[in-house]
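1. Give the three-dimensional model of this entry:
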Amino acid sequence: MNHANNNCTDYFILSFYFVALMAEDSAFDWIIITSPEAGSVFLEAWKVAGTPKVKVGVVGAGTASIFEEVMQSSERSLDVAFTPSKATGKVLASELPKNGNKRCTVLYPASAKASNEIEQGLYNRGFEVVRLNTYTTVPVGHVDEMVLKQAISAPVVAVASPSSVRAWANLIPESEEWNNSVACIGETTGSAAKRLGFKKVYFPRQPGLEGWVDSILEALRAHNDS
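-> Reported below is the predicted structural model:
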């Protein structure tokens, strides 16, 4: 998958808006980051805005790693203060700390293709959410026929996002009765695979690289035993 902005004009409009929103310290109670891509865009705007004091919530350890270098700074104006018990958007929305009945505001930089699960869950709990679509994902324009043939013949296809599993579904020729396994990085991607009609779907209880590898191995064992 390629990561791209819709066009340069949209990108700069979003960037300036992003900077303006963060121009004052504590403009938002939380900044919610759910992917490394969103984290990278956020960090660029945060630096342009003069590194204001912000409190960040991340969906999991992989996303948190984007902030490691900044967190080692002596100024510590960026605080990664929350990670949910399970690395999914649904759990993040249900567990994000809220100070009683106090007005609590959230800035949510996201992919244009991300669902509204997080903001809806936060709205339902009384949060005020500003979502900014800061990037999007687009499938590659061409896949070599021989490479695609090899991929289709593989017993297991590994996918790391809902958009990648959708792209894979679109690549499979209609004439191909593909019934091999899909190993997903987490529950969100696994659910997307099931909705697309894939029958043999494997994913770990806790999203992440280690669990993903285990799911790939589990799918391979199931294939070898069949």
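
2. Can you pull the phi and psi angles for the residue positioned nearest the centre of the chain?
-> Using Cα atoms, centre = their mean, the residue of the chain that lies closest to the mean C-alpha position is S35, 3.8 Å off. The phi/psi pair for S35 (degrees, to the nearest 10) reads phi -160, psi 150.

3. Tell me how far it lies from E145.
-> Here the criterion is Cβ to Cβ, to the nearest Å. By it, S35 lies 31 Å from E145. Any C-beta I mention is one placed from the backbone N, CA and C, and that applies to glycine too.

4. what does I185 give?
-> Plainly put, I185 is 27 Å away from E145 if you go by Cβ to Cβ.

5. Neighbour count for those two, which is higher?
-> The neighbour comparison of I185 against E145 (other Cβ atoms under 10 Å) goes to I185, with 25 against 8.

6. Next, the contact list for that one, please.
-> Counting by Cβ atoms under 8 Å, 6 or more residues apart in numbering, I185 makes contact with 159-161, 203-204, 207-209, 211-212.

7. Can you classify the closest residue in space to M71 that isn't next to it in sequence by secondary structure?
-> With Cβ to Cβ, 6 or more residues apart in numbering as the measure, V80 is the residue that lies nearest to M71, at 6.3 Å, once sequence neighbours are left out. Remark: V80 carries the secondary structure label strand [criterion: DSSP: H, G, I helix; E, B strand; the rest coil].

8. Burial check on V80, number of neighbours?
-> When counting by other Cβ under 10 Å, one arrives at 20 neighbours for V80.

9. swap in T83?
-> Residues contacting T83 under the criterion other Cβ under 10 Å number 17.

10. returning to that earlier point: any idea how far the residue nearest to M71 lies from Q206?
-> From V80 across to Q206, the span is 18 Å (Cβ to Cβ).
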